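1. Predicted coordinates and the sequence they were generated for:
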Number of protein chains: 2
Amino acid sequence: MQKQIEKKLLKKKSDNISDWYTDVILKAQLADYAPVKGCMVIRPYGYALWEAIQDFMNPLIKEKGVKNAYFPLFIPESFLNKEKEHVEGFSPHMAVVTYAGGEKLKENLVVRPTSETIMYEMYKKWTQSYRDFPILINQWCNIVRWEKRTYLFLRTSEFLWQEGHCAHITHEESQEVVLWALDMYKKTYQKLLSIYGIAGVKSEAEKFAGGDKTYTYEVLIPGGKALQGCTSHDLGQNFSKAFEWTILDNKGEETYPWQNSWGFSTRSIGALIMIHGDDQGVILPPQAADIQVIIVPIPGKEKAAAYSKKIYEKIKNEFRVEVDDRDGETAGFKFNKWEVKGVPVRIEIGDKEADSNTVTLARRDTGEKISVQMEQLNKILLDMLAQIQNDLLKRHQIFTEENTHKVNSYEEFKKIMVATRGFIYAHWCEDPKCEAVIKEETKASVRCLPLEAKEESGKCIYCGKPAKFRWLFAQSY
Amino acid sequence: MQKQIEKKLLKKKSDNISDWYTDVILKAQLADYAPVKGCMVIRPYGYALWEAIQDFMNPLIKEKGVKNAYFPLFIPESFLNKEKEHVEGFSPHMAVVTYAGGEKLKENLVVRPTSETIMYEMYKKWTQSYRDFPILINQWCNIVRWEKRTYLFLRTSEFLWQEGHCAHITHEESQEVVLWALDMYKKTYQKLLSIYGIAGVKSEAEKFAGGDKTYTYEVLIPGGKALQGCTSHDLGQNFSKAFEWTILDNKGEETYPWQNSWGFSTRSIGALIMIHGDDQGVILPPQAADIQVIIVPIPGKEKAAAYSKKIYEKIKNEFRVEVDDRDGETAGFKFNKWEVKGVPVRIEIGDKEADSNTVTLARRDTGEKISVQMEQLNKILLDMLAQIQNDLLKRHQIFTEENTHKVNSYEEFKKIMVATRGFIYAHWCEDPKCEAVIKEETKASVRCLPLEAKEESGKCIYCGKPAKFRWLFAQSY
């Protein structure tokens, strides 16, 4: 399954990040273009990253008492029409089934762009009183939102995600889950994917179509643009009202449930590739990598081949490791191949290593090589992988901080957005008109008000009126 | 989330199995009808069974070197047309997207009824020579096959499955994987779901549209009909030829790869419910059950409530256990609720138990109750759950054997199919014409030639011509 990956052909991240991004995804065999426009095939090496995300998140989801379920792919058009803002947000991106089983359908079916409407129709059916609450349900599924311009992982017409949908008797309980989900996403980004970011709340203009408040984890990517890493929505009672879903509270009064929804998608894999990679290829954080350690015996050396197997046996129970003893490729070719694929640590083995009971470890992120005694190998590998995991996060945090600016004038704001881009903290009066003009003139949108933001009086950089907070701005990817 | 489950309302399996089946699925909250005709919602309690199947199968799949991936939901209509038999088999069941992103599509997109065509188009792109083989890929996904008459889990317009698709240089290698997959399915049925069955090869008329040979695990369900539990297909070179997919073998000659595909779906959950359940509700095999043990403290007893928590702490690390300390329900109501839901073991706790440091265990499958000293609880529970797991399989094997007949005349065959149905072993000359008439006259189709069948000369029960084997016949569910 390995088509030849040739070093000379890999585009350079330092030349043009956009070209490099697509090129490295194809060459590292993470994904490929599908024959259907705008869709992608997630190849095994890329899908393993999604499985790592599922394995990280599922225990956290279950610990919270949220259970997985599965709701239908098809949503009757009339359902989506029930929440006005909701349908307006999604209708330009809908794929619609009009024929099925050889007949024209009486009502068109929309391939789910998100599942609020179909799920809440069922929730309504399943509940009568406060005793049936809370409802804590999540599903892992495919989603379709038709896109004109697509980009592997980051924007495709079909993608994979999880969507949590909970309902509660009180707003407080619902809000607690909204923030819990945001924190789970932050953990996934920081501990699994080594991606730094800013957690906060979206502006009214940028929030989810149909919700009251949207929380996000905003990630800065090379080139200085921001990527919305996930969302967690406080839906208030908007959907329960739209669905005329009332239940009896513990005083016997009719009330509308409070709801939230939260999602994390395969888009995160795009962020991972974009952020950590370099001119040599992808760099995978060890926790998420399908292969953490690749053993490359120098081809044609008999002792090295036998010794490699011994090393493999020694570490295979502790690490996700493979031996590349494929015929017909030079050592240099192999080194390069695994660099393109971003395996965190390479173990090089020649006869010299076999004779001296040592191995040479090469770190993918720094290129650093060290020689290690065999008896110390497991301990040193464990430390090295943890170190890489931390260093990648630290590196991205430093990159983010170095590209984060505090400005007090619109002139300065515009200058930065033309020159280097990046995150900008600036005062904003919270008037959507200012937000719209700033976006039009600078392409920078309000990304969020950070959770940790402290009140700091100032003047809106656009209109000069009083502003309570510095909001986070950036151009959106 | 628990709507009241009332015992008096549950239909009886012994009265009408079909009515009972739907009723118990709804009342046990395994699934519900979706607002879209023919589709279902898999509720958390039912989805946990699917997760148990995934958790059982995924390690076996990975151990074989097969990796998970994800291919697009949408398949261009022209792809399905490439293999003539294939498209004829699936076209009556297709759901078709004709509009997307607000525009009429130039080519209609079929929502995947199976993924052979889209996957093999990619395989062709990814490979040049024998060095790129074998290809070992699986995906877990949703599938759409529009059905006029549907039935929860057993036949729905959308369902979940895994589909493995491998490609090899030689037919032998491919055949080996076909049988490996069949064996994995047999293990899943027997060890996880406690379902007995007969593994064998399908007749030409009953095989997969586009394949050379189809293997199956045939399961007998109450009422004496057979359910096809899974399929594993030897696709020969049919698809590689249809896709004009050639590669270079190790002599530098052009050759077509040999392929196989194999699938196991949420239909298996329908078989599970149908086979093990009784008049009191569902019975879940302990290995697959989301809740293996339910602790029910007798309501209103203070000592019992405290003691229940102690018991929970004692066993929670070893078993999937919950305490039902919900207010406002009687003990009898609770016992009944968990019987409907099929939890394998119930622990009843009253003050008497608290005083004597004992618990009362009730087996769901037999109704048997025993009193156990607290210090022996974990050991006895472990044995009891293993016993239930085995007993359910044994019970189903006995049921199957008691309803399996060997007949030597068509008269006898017809008599059984009218009276009791069940499995029938009978000689058949392998002429599709006899098969077709038998099916028309008795509704019984050829289910398979068992893998273990030995040559046994005889006469075709229909035409009297020589027949080499006794084939397995039954009416299909």
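-> Arrived safely.

2. top helix in chain A by residue count?
-> helix A:377-402 (DSSP state H).

3. and A:Gly65, how many neighbours?
-> Number of residues near A:Gly65 (other CB atoms under 10 Å in any protein chain shown) recorded here: 10. From N, CA and C alone the C-beta is placed, and that goes for glycine too.

4. re earlier: helix or strand right after the longest helix of chain A?
-> Beyond helix A:377-402 on the C-terminal side, the first helix or strand identified by DSSP states H and E is strand A:404-406.

5. can you name the farthest residue from the center of chain A?
-> Relative to the centre of chain A, and counting by CA atoms, centre = their mean, the farthest-placed residue is A:Asp355 at 45.1 Å.

6. Could you name the helices and strands sitting against the helix or strand hosting that one?
-> Of the helices and strands defined by DSSP H and E, A:Asp355 is found in helix A:351-356. Here helix A:351-356 touches helix A:302-315, going by 3 or more CB pairs under 8 Å, 6 or more residues apart in numbering or on different chains; DSSP states H and E.

7. Could you look up the SS state of the residue in the stretch 201-350 of chain A that chain B sits nearest to?
-> For the stretch 201-350 of chain A, the residue closest to chain B is A:Gly328, as judged by CB to the nearest CB, at 7.5 Å. Classification of A:Gly328 into helix, strand or coil gives coil, according to DSSP: H, G, I helix; E, B strand; the rest coil.

8. and if you look at A:Glu218?
-> A:Glu218 is classified as strand under three-state DSSP.

9. Tell me how far A:Met40 lies from B:Gln128.
-> The spacing between A:Met40 and B:Gln128, counted by CB to CB, to the nearest Å, is 22 Å.

10. Look at those two and report which has more neighbours.
-> Per other CB under 10 Å, whichever of A:Met40 and B:Gln128 has more neighbours is A:Met40, with 25 against 12.

11. Could you pull up the residues touching that one?
-> With contacts defined as CB atoms under 8 Å, 6 or more residues apart in numbering or on different chains, the neighbours of A:Met40 are A:Ala31, A:Asp32, A:Tyr33, A:Ala34, A:Leu152, A:Phe153, A:Thr156, A:Glu158, B:Pro72.

12. Would you map out the domains in chain A?
-> A:9-276, A:293-384, A:404-475 (automatic domain parsing).

13. Contacts (any at all) between chain B and the worst-scoring helix or strand of chain A on mean pLDDT?
-> Counting by mean pLDDT, DSSP states H and E, chain A has its least confident helix or strand at helix A:84-90, which shows a mean of 79. No: Helix A:84-90 does not reach chain B (CB under 8 Å from any CB of the partner chain); its nearest approach is 11.2 Å.

14. which element is A:Glu173 on?
-> In this structure, A:Glu173 sits in helix A:171-187 according to DSSP H and E.

15. On the C-terminal side of that helix, identify the next helix or strand.
-> Reading on from helix A:171-187 to the C-terminus, the next helix or strand found by DSSP H and E is strand A:198-201.

16. Sheet partners, orientation included, of that following strand?
-> Paired neighbours of strand A:198-201 in the sheet (DSSP bridges): strand A:213-221 (antiparallel), strand A:444-450 (antiparallel).

17. Go through these and pick out the most buried.
-> Among the strands paired with strand A:198-201, strand A:213-221 has the highest mean neighbour count (mean count of other CB atoms under 10 Å in any protein chain shown), at a mean of 25.

18. avg pLDDT for that one?
-> Mean pLDDT, strand A:213-221: 98.

19. For the helix or strand following it, what is the distance to the chain centroid?
-> The C-terminal neighbour of strand A:213-221 among helices and strands, as given by DSSP H and E, is strand A:225-236. Averaging C-alpha positions (CA atoms, centre = their mean, to the nearest Å) puts strand A:225-236 11 Å from its chain's average.

20. Could you pull out the buried residues of strand A:225-236?
-> Applying a neighbour-count criterion of 16 or more other CB atoms under 10 Å in any protein chain shown, one finds A:Lys225, A:Ala226, A:Leu227, A:Gln228, A:Gly229, A:Cys230, A:Thr231, A:Ser232, A:His233, A:Asp234, A:Leu235, A:Gly236 buried in strand A:225-236.

21. near chain B, anything from whichever helix or strand comes after it?
-> The first helix or strand that comes after strand A:225-236 along the chain, using DSSP H and E, is helix A:238-242. No: legend: contact between helix A:238-242 and chain B by CB under 8 Å from any CB is lacking; minimum distance shown is 15.1 Å.

22. Against which helices or strands is helix A:238-242 packed?
-> Using 3+ CB pairs under 8 Å, 6+ apart, the elements in contact with helix A:238-242 are helix A:116-126, strand A:258-265.

23. Please put the alpha-carbon coordinates of it into PDB.
-> What follows is the C-alpha trace of helix A:238-242 in PDB, where atoms were taken according to Å, rounded to 0.1, in the frame of the first residue of the first chain:
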ATOM      1  CA  ASN A 238     -34.800  28.100  21.600                       C
ATOM      2  CA  PHE A 239     -35.200  24.700  20.300                       C
ATOM      3  CA  SER A 240     -37.600  23.400  23.000                       C
ATOM      4  CA  LYS A 241     -39.800  26.400  22.200                       C
ATOM      5  CA  ALA A 242     -39.600  25.900  18.500                       C
END
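
24. list the contacts for the nearest residue to A:Gln373 once chain neighbours are set aside?
-> Among residues not flanking A:Gln373 along the chain, A:Thr358 sits closest, at 5.7 Å (CB to CB, 6 or more residues apart in numbering or on different chains). With contact set as CB under 8 Å, 6+ apart, A:Thr358 has these partners: A:Ser371, A:Val372, A:Gln373, A:Met374.

25. Now the two most distant members of these.
-> Taking every pair in these and measuring CB to CB, the maximum separation is 10.8 Å, between A:Ser371 and A:Met374.

26. Pick out whichever of those two has more residues nearby.
-> Looking at A:Ser371 and A:Met374 with other CB under 10 Å, you find the greater number of neighbours at A:Met374, namely 16 against 12.

27. measure the more buried one to chain B for me?
-> A:Met374 sits 27 Å away from chain B, going by CB to the nearest CB, to the nearest Å.

28. what pLDDT does the closest residue to that residue other than its chain neighbours get?
-> Beyond its immediate neighbours in the sequence, the residue positioned closest to A:Met374 (CB to CB, 6+ apart) is A:Asn357, lying 4.8 Å away. Reported pLDDT at A:Asn357 in the predicted model: 94.

29. again, but for A:Glu172
-> Per-residue confidence for A:Glu172 comes out at a pLDDT of 98.

30. burial of it, as a residue count?
-> A:Glu172 sits with 9 neighbouring residues when counted by other CB under 10 Å.

31. Direction included, what does the strand or helix carrying A:Asn142 pair up with?
-> Element membership for A:Asn142, per DSSP H and E: strand A:135-144. In the sheet containing strand A:135-144, the strands it pairs with under DSSP bridges are strand A:67-68 (parallel), strand A:158-168 (antiparallel).

32. any idea which of those is most buried?
-> The highest mean neighbour count among the strands paired with strand A:135-144, using mean count of other CB under 10 Å, belongs to strand A:158-168: a mean of 23.

33. where's A:Glu172 relative to B:Ser371, distance?
-> 45 Å.

34. actually A:Leu73, sorry about that
-> When CB to CB is the yardstick, A:Leu73 and B:Ser371 sit 50 Å from each other.

35. can you check A:Gly200 too?
-> Per CB to CB, A:Gly200 is found 58 Å from B:Ser371.

36. Just give me the neighbour total for A:Leu385.
-> 21.

37. Could you do A:Asn357 as well?
-> The local packing count at A:Asn357 equals 12, with neighbours defined by other CB under 10 Å.

38. Now it: phi and psi?
-> Its backbone dihedrals place A:Asn357 at phi 60, psi 40, with angles given as degrees, to the nearest 10.
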